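*Asks:* heads up, no residue letters with this:
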């Protein structure tokens with residue numbers, strides 16, 4: 001843009017885009033940077049994108065709704081590659097609504113035009129145990145179940161947790177005959193479709209047998225593997241976007257060029273043509289999910305713990321540290337033994353190192369390391385169990401657990417939703433038990449963790 005007047009805010013009128021058609025068919029719960037870099041990007045690039053506008057609900061904070069409302073849901077996606085950045089305006093979101101507008105969530109989900117509900121509420125946000133059952137120690141969930149029971153009978157006070165709010169909305173769809181619907185969790189949880197199914201069914205059964213029965217016949221739970229590194233903003237992106245595009249954007253997103261999405265499941269009311277944007281639909285998502293969850297997310301967790309211990313601030317810095325890299329490579333060796341050969345783990349590992357080293361992506365270890373306890377259960381514990389079952393020592397996984405324990409002991413662990421449980425743990429074996437009681441009770445594994453704590457000065461204690 002030229003001239004000396006005030007810069008124009010990004011919105012549909014400014015770009016000459018028509019108002020979206022009456023095509024809101026996706027409800028997304030927990031809209032944030034990752035969802036906008038991944039699911040929204042795939043939807044915007046689908047061949048039938050015009051037929052699939054998104055009603056997006058925020059997470060805990062209403063800030064994104066306040067930022068995107070003046071922009072008609074538009075935002076700039078900044079793709080940072082080794083050779084520079086590109087800028088793309090995405091227009092798949094029709095509206096962004098604060099999470100506490102439960103009345104609007106109920107209305108959007110009950111609308112027969114809505115065909116699917118997607119979620120990115122983080123692993124810890126589900127308040128479920130690793131098997132998908134409700135966490136009996138989650139006080140927020142216990143309190144919300146009481147609210148859900150009365151809300152299902154018409155009481156004015158809605159529940160506050162994401163799954164109980166979702167159940168209230170699904171019950172409205174059941175009552176009004178809105179029809180079958182697909183639920184698509186896009187968080188890094190093993191078997192996330194089955195995980196969500198068990199959690200919702202058990203919570204529904206505690207509140208309404210009619211709702212639980214309806215869910216078994218009218219809700220499809222899709223499992224997904226999602227992959228795209230999306231760091232937090234640094235605070236300079238709005239100025240950068242303005243200089244590059246001429247538009248004022250209060251809510252850009254930074255991501256990498258790489259994107260991958262693998263899905264398994266049925267969509268009884270239809271779905272976008274995500275294949276045209278590069279998504280893959282398979283009969284069994286589990287191998288792809290495991291490869292990504294262990295090799296990428298598991299490495300991220302290891303780098304967060306070991307990197308923070310050694311004074312690093314980003315993934316790129318940590319992976320450039322020979323000791324942190326050696327831990328990741330040893331862990332990857334353990335992971336690769338659990339993956340089928342046709343997934344080409346060696347190629348994926350090489351690609352991951354290039355992605356981790358991407359100079360344009362400043363992925364903060366403080367961000368990556370949040371809610372580490374939940375992540376260790378999904379990313380490291382399965383590898384430890386498999387290695388031990390095969391008669392091996394799971395030494396690299398044990399060293400990763402030791403790095404987390406050392407970080408906790410030092411008082412430098414990032415924010416964790418289970419901080420009270422962590423503080424109450426008396427020693428290393430108690431902390432291991434929070435990850436997996438069976439691993440804590442396994443003398444070789446617990447011993448390997450304690451040995452790493454006592455002897456691996458360079459990695460666990462820093463240098």
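*Replies:* Sure, I can see it. Given the structure is predicted, the values throughout are model-derived calculations rather than measurements.

*Asks:* and residue 181, how many residues sit next to it?
*Replies:* 22 (other Cβ atoms under 10 Å). For the C-beta atoms, the positions are set from N, CA and C on the backbone; glycine is no exception.

*Asks:* ditto for residue 420
*Replies:* Neighbours of residue 420 under the rule other Cβ under 10 Å: 10.

*Asks:* tell me which element it falls in.
*Replies:* Using DSSP states H and E, residue 420 maps to helix 419-424.

*Asks:* try residue 117
*Replies:* Secondary-structure element containing residue 117, defined by DSSP H and E: strand 116-119.

*Asks:* pLDDT of that strand, averaged?
*Replies:* When pLDDT is averaged along strand 116-119, the result is 98.

*Asks:* so who does residue 104 touch?
*Replies:* 57, 97 (Cβ atoms under 8 Å, 6 or more residues apart in numbering).

*Asks:* mind pulling up the pLDDT for it?
*Replies:* pLDDT, read off for residue 104, is 97.

*Asks:* how far out from the middle of the chain is the helix or strand where it lies?
*Replies:* Assigned by DSSP H and E, residue 104 belongs to helix 102-110. Mean-position distance between helix 102-110 and its chain equals 23 Å (Cα atoms, centre = their mean, to the nearest Å).

*Asks:* for it, list every residue counted as buried.
*Replies:* 102, 104, 105, 106, 108, 109, 110 (16 or more other Cβ atoms under 10 Å).

*Asks:* apart from its neighbours in sequence, what residue is nearest the first one?
*Replies:* In this case it means residue 102. Of all residues not flanking residue 102 in the chain, residue 158 sits nearest, at 3.9 Å (Cβ to Cβ, 6 or more residues apart in numbering).

*Asks:* now do the SS call for that neighbour.
*Replies:* Using DSSP: H, G, I helix; E, B strand; the rest coil, the structure places residue 158 in coil.

*Asks:* give the buried residues for the helix or strand just after the strand holding residue 117.
*Replies:* Once the chain leaves strand 116-119, the next helix or strand it forms, by DSSP H and E, is helix 139-151. Buried residues in helix 139-151, counting neighbours by 16+ other Cβ under 10 Å, are found at 141, 144, 145, 147, 148, 151.

*Asks:* buried stuff in the next helix or strand after helix 139-151?
*Replies:* The first helix or strand that comes after helix 139-151 along the chain, using DSSP H and E, is helix 162-176. For helix 162-176, a neighbour-count test (16+ other Cβ under 10 Å) marks 162-174 as buried.

*Asks:* over to stretch 40-59?
*Replies:* In terms of neighbour count (16+ other Cβ under 10 Å), stretch 40-59 has its buried residues at 40-46, 49, 52-59.

*Asks:* report the angle between the host helix or strand of residue 56 and helix 102-110.
*Replies:* Remark: residue 56 resides in strand 53-58, with elements defined by DSSP H and E. With axes from the mean of the first three to the mean of the last three Cα atoms, to 10 degrees defining the directions, strand 53-58 sits at 150 degrees from helix 102-110.

*Asks:* now for strand 53-58, which elements pack on it?
*Replies:* strand 24-31, helix 39-45, strand 93-97, helix 102-110 (3 or more Cβ pairs under 8 Å, 6 or more residues apart in numbering; DSSP states H and E).

*Asks:* who does it pair up with?
*Replies:* strand 24-31 (parallel), strand 93-97 (parallel) (DSSP bridges).

*Asks:* centre-most residue in the protein?
*Replies:* Central residue of the chain (Cα atoms, centre = their mean): residue 187, 3.4 Å from the mean position.

*Asks:* ok, residue 91 - contacts?
*Replies:* With contact set as Cβ under 8 Å, 6+ apart, residue 91 has these partners: 12, 17, 20, 44, 73, 74.

*Asks:* mind redoing it with 7 Å?
*Replies:* Contacts for residue 91 (Cβ atoms under 7 Å, 6 or more residues apart in numbering) come out as 17, 44, 74.

*Asks:* any chance of those in JSON lines, plus distance to residue 194 and pLDDT?
*Replies:* Shown next, in JSON lines, are these (distance: Cβ to Cβ, whole Å; pLDDT from 0 to 100):
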{"residue": "17", "distance to residue 194": "39", "pLDDT": "88"}
{"residue": "44", "distance to residue 194": "29", "pLDDT": "97"}
{"residue": "74", "distance to residue 194": "35", "pLDDT": "97"}
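
*Asks:* between the residues you listed, which sits nearest residue 259?
*Replies:* Distance to residue 259 across the contacts of residue 91 (Cβ to Cβ) is lowest for residue 44, with 12.1 Å.
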